[in-house]
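Participant: Quick one, what's the 3D model for this:
(one chain, ligands or ions: 1)
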Amino acid sequence: MKWSEISIHTTEEAVEPISNILHEAGAGGVVIEDPYDLIKEREDQYGEIYQLDPEDYPDEGVIIKAYLPVNSFLGETVEGIKERINNLLLYDIDLGRNHITISEVNEEEWATAWKKYYRPVKVSKKFTIVPTWELYEPAHTDELIIELDPGMAFGTGTHPTTVLCIQALEKKVQKGNIVIDVGTGSGVLSIASALLGADKVIALDLDPVAVDSARLNVKLNKVQHLVQVKQNNLLDDIDVKANVIVANILAEVILRFVRDAHERLENGGYFITSGIIQNKKHEVEQALIEAGFTIEETMTMEDWVAFIAKK
Ligand SMILES: C[S@@+](CC[C@H](N)C(=O)[O-])C[C@H]1O[C@@H](n2cnc3c(N)ncnc32)[C@H](O)[C@@H]1O
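Facilitator: Predicted structure coming up:
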(Lines give C-alpha, C1' and ligand atoms only; values in the text may rest on other atoms or scores of the structure.)
Protein backbone atom coordinates (compact mmCIF):
# COMPACT_ATOMS: atom_id res chain seq x y z
CA MET A 1 0.00 0.00 0.00
CA LYS A 2 1.11 3.55 -0.71
CA TRP A 3 1.09 6.49 1.67
CA SER A 4 0.23 10.04 0.94
CA GLU A 5 1.97 12.95 2.58
CA ILE A 6 -0.19 16.00 3.17
CA SER A 7 1.88 19.11 3.73
CA ILE A 8 0.35 22.35 5.02
CA HIS A 9 2.24 25.65 5.03
CA THR A 10 0.68 27.70 7.79
CA THR A 11 1.45 29.77 10.90
CA GLU A 12 2.69 28.98 14.39
CA GLU A 13 -0.72 29.97 15.72
CA ALA A 14 -2.50 27.38 13.57
CA VAL A 15 -0.23 24.42 14.46
CA GLU A 16 -2.34 23.08 17.29
CA PRO A 17 -5.80 23.24 15.70
CA ILE A 18 -4.48 21.86 12.39
CA SER A 19 -2.65 19.03 14.17
CA ASN A 20 -5.93 18.16 15.88
CA ILE A 21 -7.77 18.15 12.57
CA LEU A 22 -5.13 15.83 11.08
CA HIS A 23 -5.29 13.46 14.05
CA GLU A 24 -9.04 13.36 13.88
CA ALA A 25 -8.83 12.63 10.15
CA GLY A 26 -6.90 9.45 10.98
CA ALA A 27 -3.29 10.59 10.48
CA GLY A 28 -0.97 8.41 12.55
CA GLY A 29 1.03 11.44 13.56
CA VAL A 30 2.14 14.86 12.45
CA VAL A 31 5.61 16.26 11.78
CA ILE A 32 6.09 19.97 12.38
CA GLU A 33 8.82 21.83 10.55
CA ASP A 34 9.23 25.18 12.29
CA PRO A 35 12.30 27.29 11.37
CA TYR A 36 12.44 28.33 15.03
CA ASP A 37 13.53 24.75 15.86
CA LEU A 38 16.58 25.22 13.65
CA ILE A 39 17.63 28.40 15.44
CA LYS A 40 16.91 26.90 18.84
CA GLU A 41 19.00 23.80 18.18
CA ARG A 42 21.88 25.88 16.79
CA GLU A 43 21.98 28.02 19.89
CA ASP A 44 22.04 24.97 22.11
CA GLN A 45 24.62 23.06 20.13
CA TYR A 46 23.02 19.94 21.58
CA GLY A 47 20.41 17.39 20.77
CA GLU A 48 19.29 16.97 17.25
CA ILE A 49 21.21 19.81 15.63
CA TYR A 50 23.18 17.51 13.39
CA GLN A 51 20.06 15.79 12.14
CA LEU A 52 18.21 18.95 11.20
CA ASP A 53 18.53 19.93 7.57
CA PRO A 54 17.80 23.62 6.88
CA GLU A 55 16.60 22.57 3.44
CA ASP A 56 13.61 20.92 5.10
CA TYR A 57 12.48 24.13 6.77
CA PRO A 58 10.43 27.01 5.38
CA ASP A 59 11.80 30.60 5.39
CA GLU A 60 8.75 31.79 7.18
CA GLY A 61 5.72 30.13 8.72
CA VAL A 62 5.49 26.49 9.72
CA ILE A 63 5.03 23.34 7.67
CA ILE A 64 2.90 20.58 9.13
CA LYS A 65 3.14 17.16 7.52
CA ALA A 66 0.97 14.13 8.10
CA TYR A 67 0.71 10.71 6.52
CA LEU A 68 -2.51 9.18 5.29
CA PRO A 69 -2.94 5.75 3.71
CA VAL A 70 -3.81 5.85 0.01
CA ASN A 71 -7.16 4.06 0.02
CA SER A 72 -10.60 4.66 -1.30
CA PHE A 73 -11.30 7.20 1.47
CA LEU A 74 -8.32 9.44 0.67
CA GLY A 75 -10.12 11.95 -1.58
CA GLU A 76 -12.89 12.51 0.95
CA THR A 77 -10.44 12.65 3.85
CA VAL A 78 -8.32 15.35 2.17
CA GLU A 79 -11.39 17.39 1.19
CA GLY A 80 -12.64 17.17 4.78
CA ILE A 81 -9.25 18.31 6.11
CA LYS A 82 -9.17 21.33 3.77
CA GLU A 83 -12.69 22.34 4.70
CA ARG A 84 -12.03 22.10 8.43
CA ILE A 85 -8.79 24.09 8.11
CA ASN A 86 -10.58 26.84 6.19
CA ASN A 87 -13.25 26.92 8.90
CA LEU A 88 -10.53 27.99 11.38
CA LEU A 89 -10.74 31.43 9.75
CA LEU A 90 -14.15 31.77 11.38
CA TYR A 91 -12.33 31.65 14.72
CA ASP A 92 -9.91 34.39 13.62
CA ILE A 93 -6.98 31.99 13.39
CA ASP A 94 -4.35 33.27 10.96
CA LEU A 95 -3.66 30.49 8.43
CA GLY A 96 -0.76 32.31 6.72
CA ARG A 97 -0.17 30.98 3.21
CA ASN A 98 -2.51 28.02 3.85
CA HIS A 99 -0.79 26.21 1.01
CA ILE A 100 -1.67 22.51 0.95
CA THR A 101 0.15 19.90 -1.13
CA ILE A 102 -0.28 16.17 -1.41
CA SER A 103 2.43 13.75 -2.48
CA GLU A 104 3.17 10.06 -2.30
CA VAL A 105 5.94 8.86 -0.01
CA ASN A 106 7.87 5.66 -0.18
CA GLU A 107 7.58 3.01 2.48
CA GLU A 108 10.95 3.77 4.12
CA GLU A 109 10.12 7.44 4.65
CA TRP A 110 6.77 6.53 6.10
CA ALA A 111 8.23 3.87 8.37
CA THR A 112 10.58 6.29 10.05
CA ALA A 113 8.50 9.46 9.99
CA TRP A 114 5.37 8.37 11.77
CA LYS A 115 6.45 5.94 14.49
CA LYS A 116 7.60 8.72 16.78
CA TYR A 117 4.15 10.24 16.85
CA TYR A 118 1.88 7.21 17.12
CA ARG A 119 0.73 6.79 20.72
CA PRO A 120 -1.77 4.60 22.64
CA VAL A 121 -5.34 5.76 22.05
CA LYS A 122 -8.41 4.81 24.07
CA VAL A 123 -11.09 4.24 21.43
CA SER A 124 -14.03 2.90 23.43
CA LYS A 125 -15.09 2.04 26.99
CA LYS A 126 -12.99 -1.13 26.97
CA PHE A 127 -10.40 -0.82 24.21
CA THR A 128 -7.09 1.00 23.98
CA ILE A 129 -5.04 0.64 20.80
CA VAL A 130 -1.33 0.51 21.50
CA PRO A 131 1.48 0.56 18.92
CA THR A 132 3.64 -2.54 19.23
CA TRP A 133 6.77 -0.62 20.20
CA GLU A 134 5.13 1.12 23.20
CA LEU A 135 5.26 -0.27 26.72
CA TYR A 136 1.77 0.36 28.03
CA GLU A 137 0.32 -0.42 31.45
CA PRO A 138 -3.48 -0.84 31.42
CA ALA A 139 -5.21 1.75 33.61
CA HIS A 140 -7.90 -0.76 34.77
CA THR A 141 -7.99 -4.54 35.04
CA ASP A 142 -10.91 -4.75 32.58
CA GLU A 143 -9.20 -2.58 29.94
CA LEU A 144 -8.67 -4.50 26.68
CA ILE A 145 -5.51 -3.79 24.71
CA ILE A 146 -5.13 -4.19 20.97
CA GLU A 147 -1.50 -4.11 19.94
CA LEU A 148 -1.18 -2.90 16.37
CA ASP A 149 1.64 -2.74 13.93
CA PRO A 150 -0.27 -0.79 11.29
CA GLY A 151 2.63 -1.39 8.91
CA MET A 152 1.49 -0.63 5.44
CA ALA A 153 -2.16 -1.69 5.75
CA PHE A 154 -5.10 0.54 6.42
CA GLY A 155 -4.78 2.83 9.32
CA THR A 156 -3.69 3.05 12.88
CA GLY A 157 -7.01 1.73 14.16
CA THR A 158 -8.10 5.18 15.22
CA HIS A 159 -9.93 6.40 12.11
CA PRO A 160 -13.49 7.45 13.09
CA THR A 161 -15.01 4.70 10.92
CA THR A 162 -12.91 2.06 12.73
CA VAL A 163 -13.67 3.53 16.14
CA LEU A 164 -17.43 3.39 15.41
CA CYS A 165 -17.09 -0.32 14.54
CA ILE A 166 -15.13 -1.11 17.69
CA GLN A 167 -17.77 0.65 19.80
CA ALA A 168 -20.54 -1.28 18.02
CA LEU A 169 -18.72 -4.62 18.39
CA GLU A 170 -18.32 -3.90 22.09
CA LYS A 171 -22.12 -3.63 22.33
CA LYS A 172 -23.02 -6.67 20.26
CA VAL A 173 -20.36 -9.42 20.34
CA GLN A 174 -21.23 -12.11 22.89
CA LYS A 175 -19.08 -14.91 24.23
CA GLY A 176 -19.06 -17.87 21.84
CA ASN A 177 -20.18 -15.84 18.79
CA ILE A 178 -19.08 -16.37 15.20
CA VAL A 179 -17.99 -13.06 13.61
CA ILE A 180 -17.13 -12.24 9.97
CA ASP A 181 -15.02 -9.12 9.33
CA VAL A 182 -15.33 -8.00 5.69
CA GLY A 183 -12.41 -5.75 4.63
CA THR A 184 -10.27 -6.52 7.66
CA GLY A 185 -7.32 -4.21 6.75
CA SER A 186 -4.96 -4.30 9.73
CA GLY A 187 -7.20 -6.94 11.36
CA VAL A 188 -8.19 -4.58 14.17
CA LEU A 189 -11.91 -5.42 14.17
CA SER A 190 -11.25 -9.17 14.13
CA ILE A 191 -8.86 -8.84 17.05
CA ALA A 192 -11.43 -6.77 18.94
CA SER A 193 -14.09 -9.44 18.29
CA ALA A 194 -11.80 -12.21 19.55
CA LEU A 195 -10.91 -10.24 22.69
CA LEU A 196 -14.64 -9.69 23.32
CA GLY A 197 -15.10 -13.45 23.51
CA ALA A 198 -15.97 -14.58 19.97
CA ASP A 199 -15.21 -18.27 19.43
CA LYS A 200 -14.44 -17.93 15.75
CA VAL A 201 -13.65 -14.91 13.59
CA ILE A 202 -13.27 -14.93 9.81
CA ALA A 203 -11.22 -11.95 8.59
CA LEU A 204 -11.50 -11.24 4.85
CA ASP A 205 -9.74 -8.76 2.58
CA LEU A 206 -9.20 -8.47 -1.14
CA ASP A 207 -5.80 -6.79 -0.74
CA PRO A 208 -2.94 -9.27 -0.14
CA VAL A 209 -0.94 -6.59 1.78
CA ALA A 210 -3.86 -6.24 4.19
CA VAL A 211 -4.08 -10.04 4.55
CA ASP A 212 -0.38 -10.22 5.57
CA SER A 213 -0.72 -7.30 7.93
CA ALA A 214 -3.86 -8.75 9.54
CA ARG A 215 -2.13 -12.12 10.02
CA LEU A 216 0.80 -10.41 11.74
CA ASN A 217 -1.43 -8.36 14.03
CA VAL A 218 -3.58 -11.37 14.88
CA LYS A 219 -0.44 -13.19 16.03
CA LEU A 220 0.84 -10.17 17.94
CA ASN A 221 -2.41 -10.20 19.90
CA LYS A 222 -2.24 -13.98 20.40
CA VAL A 223 -5.67 -14.68 18.94
CA GLN A 224 -4.53 -16.74 15.96
CA HIS A 225 -6.40 -19.80 17.32
CA LEU A 226 -9.65 -17.81 17.02
CA VAL A 227 -9.13 -15.70 13.88
CA GLN A 228 -8.80 -17.09 10.37
CA VAL A 229 -7.47 -14.52 7.87
CA LYS A 230 -8.26 -15.10 4.20
CA GLN A 231 -7.95 -13.24 0.91
CA ASN A 232 -11.51 -12.98 -0.37
CA ASN A 233 -13.87 -10.72 -2.29
CA LEU A 234 -16.63 -9.60 0.11
CA LEU A 235 -18.64 -12.67 1.24
CA ASP A 236 -18.10 -14.70 -1.95
CA ASP A 237 -18.09 -18.45 -1.23
CA ILE A 238 -18.30 -17.96 2.54
CA ASP A 239 -20.98 -20.34 3.75
CA VAL A 240 -20.60 -19.93 7.51
CA LYS A 241 -23.61 -18.58 9.46
CA ALA A 242 -22.44 -15.73 11.68
CA ASN A 243 -23.86 -13.95 14.72
CA VAL A 244 -22.17 -10.70 13.74
CA ILE A 245 -20.88 -9.41 10.40
CA VAL A 246 -18.84 -6.22 10.53
CA ALA A 247 -17.73 -4.20 7.50
CA ASN A 248 -15.93 -0.88 7.43
CA ILE A 249 -15.89 -0.22 3.68
CA LEU A 250 -17.18 2.56 1.48
CA ALA A 251 -20.96 2.82 1.09
CA GLU A 252 -20.75 1.85 -2.59
CA VAL A 253 -19.10 -1.45 -1.65
CA ILE A 254 -21.46 -2.13 1.26
CA LEU A 255 -24.43 -1.76 -1.09
CA ARG A 256 -23.05 -4.63 -3.16
CA PHE A 257 -23.36 -7.24 -0.43
CA VAL A 258 -26.17 -6.20 1.93
CA ARG A 259 -28.33 -9.12 0.75
CA ASP A 260 -25.44 -11.62 1.10
CA ALA A 261 -24.83 -10.34 4.63
CA HIS A 262 -28.49 -10.91 5.51
CA GLU A 263 -28.31 -14.44 4.17
CA ARG A 264 -25.08 -15.28 6.07
CA LEU A 265 -26.44 -14.12 9.47
CA GLU A 266 -28.24 -16.20 12.06
CA ASN A 267 -31.71 -14.91 12.94
CA GLY A 268 -31.26 -12.16 15.51
CA GLY A 269 -27.69 -11.58 14.26
CA TYR A 270 -26.20 -8.14 13.62
CA PHE A 271 -24.71 -6.46 10.57
CA ILE A 272 -22.44 -3.60 11.64
CA THR A 273 -21.61 -1.31 8.72
CA SER A 274 -19.33 1.70 8.82
CA GLY A 275 -17.30 3.78 6.37
CA ILE A 276 -20.48 5.57 5.29
CA ILE A 277 -20.15 9.27 4.57
CA GLN A 278 -23.18 11.35 5.66
CA ASN A 279 -24.60 11.91 2.19
CA LYS A 280 -24.78 8.14 1.56
CA LYS A 281 -26.54 7.44 4.83
CA HIS A 282 -30.08 7.17 3.47
CA GLU A 283 -29.08 5.00 0.52
CA VAL A 284 -27.42 2.43 2.81
CA GLU A 285 -30.24 2.65 5.37
CA GLN A 286 -32.79 1.97 2.62
CA ALA A 287 -30.80 -0.99 1.26
CA LEU A 288 -30.54 -2.51 4.75
CA ILE A 289 -34.28 -2.23 5.31
CA GLU A 290 -35.07 -3.63 1.85
CA ALA A 291 -32.81 -6.62 2.56
CA GLY A 292 -34.87 -7.38 5.69
CA PHE A 293 -32.84 -5.71 8.45
CA THR A 294 -34.17 -3.53 11.25
CA ILE A 295 -31.92 -0.60 12.06
CA GLU A 296 -31.22 -0.87 15.77
CA GLU A 297 -28.82 2.04 16.11
CA THR A 298 -27.32 4.76 13.94
CA MET A 299 -23.97 5.98 15.22
CA THR A 300 -22.11 9.06 13.98
CA MET A 301 -18.65 10.54 14.40
CA GLU A 302 -17.61 13.65 12.50
CA ASP A 303 -18.95 13.12 8.96
CA TRP A 304 -19.15 9.36 9.27
CA VAL A 305 -22.11 7.09 9.95
CA ALA A 306 -22.30 3.48 11.15
CA PHE A 307 -25.38 1.28 11.46
CA ILE A 308 -26.11 -1.59 13.79
CA ALA A 309 -28.73 -3.55 11.81
CA LYS A 310 -30.53 -6.63 13.19
CA LYS A 311 -31.76 -9.61 11.16
C1 LIG B 1 -11.52 1.23 5.27
S2 LIG B 1 -10.57 -0.19 5.28
C3 LIG B 1 -11.08 -0.91 6.84
C4 LIG B 1 -9.98 -1.65 7.58
C5 LIG B 1 -10.35 -2.13 8.97
N6 LIG B 1 -11.45 -3.06 8.94
C7 LIG B 1 -10.67 -0.99 9.88
O8 LIG B 1 -11.84 -0.85 10.27
O9 LIG B 1 -9.77 -0.22 10.26
C10 LIG B 1 -11.41 -1.15 4.09
C11 LIG B 1 -10.76 -2.46 3.73
O12 LIG B 1 -11.64 -3.13 2.84
C13 LIG B 1 -10.88 -3.83 1.89
N14 LIG B 1 -11.72 -4.09 0.73
C15 LIG B 1 -12.13 -3.21 -0.23
N16 LIG B 1 -12.90 -3.83 -1.14
C17 LIG B 1 -13.01 -5.14 -0.76
C18 LIG B 1 -13.67 -6.28 -1.29
N19 LIG B 1 -14.38 -6.22 -2.42
N20 LIG B 1 -13.56 -7.46 -0.62
C21 LIG B 1 -12.83 -7.54 0.51
N22 LIG B 1 -12.17 -6.49 1.06
C23 LIG B 1 -12.26 -5.31 0.44
C24 LIG B 1 -9.70 -2.90 1.63
O25 LIG B 1 -8.60 -3.64 1.09
C26 LIG B 1 -9.43 -2.34 3.01
O27 LIG B 1 -8.46 -3.10 3.70
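Participant: residues near the nearest residue to residue 206 once chain neighbours are set aside, how many?
Facilitator: Counting by CB to CB, 6 or more residues apart in numbering, residue 233 is the residue found nearest to residue 206 once chain neighbours are left out, at 5.5 Å. Any C-beta I mention is one placed from the backbone N, CA and C, and that applies to glycine too. Residues lying near residue 233 (other CB atoms under 10 Å) number 13.
Participant: where does the protein have its least confident helix or strand?
Facilitator: Ranked by mean pLDDT, DSSP states H and E, the weakest helix or strand in the chain is helix 35-44, scoring a mean of 41.
Participant: Whichever helix or strand comes after that one - contacts with which helices or strands?
Facilitator: In the C-terminal direction, the helix or strand that comes right after helix 35-44 (DSSP states H and E) is strand 62-69. Counting by 3 or more CB pairs under 8 Å, 6 or more residues apart in numbering; DSSP states H and E, the packing neighbours recorded for strand 62-69 are strand 3-10, helix 15-24, strand 30-33, helix 74-87, helix 107-115.
Participant: and the second one, what's its mean pLDDT?
Facilitator: In this model, helix 15-24 has an average pLDDT of 88.
Participant: Contacts for that helix, please.
Facilitator: If you take CB atoms under 8 Å, 6 or more residues apart in numbering as the criterion, helix 15-24 is touched by 6, 8, 10, 30, 32, 34, 62, 64, 66, 81, 84-85, 88, 91, 93, 160, 302.
Participant: let's see it at 7 Å
Facilitator: Residues outside helix 15-24 that contact it (CB atoms under 7 Å, 6 or more residues apart in numbering): 8, 10, 30, 32, 62, 64, 66, 81, 84-85, 88, 93, 302.
Participant: nearest to residue 189, of those residues?
Facilitator: When the contacts of helix 15-24 are ranked by distance to residue 189 (CB to CB), residue 302 comes first, at 18.8 Å.
Participant: For the contacts of helix 15-24, I'd like a selection string for ChimeraX - just the buried members, please.
Facilitator: Listed next is the ChimeraX selection for buried residues among the contacts of helix 15-24, using 16 or more other CB atoms under 10 Å:
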select :8,10,30,32,62,64,66,81,84,85,88,93
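Participant: Between all of the contacts of helix 15-24, which two are at the greatest distance?
Facilitator: The span of the contacts of helix 15-24, defined through CB to CB, is set by 62 and 302 at 24.6 Å.
Participant: Can you give me the separation between residue 227 and the ligand?
Facilitator: For residue 227, the distance to the ligand equals 13 Å [CB to the nearest ligand atom, to the nearest Å].
Participant: Skipping its backbone neighbours, what lies nearest residue 303 in space?
Facilitator: Distance criterion CB to CB, 6+ apart; nearest residue to residue 303, sequence neighbours excluded, is residue 278 at 5.2 Å.
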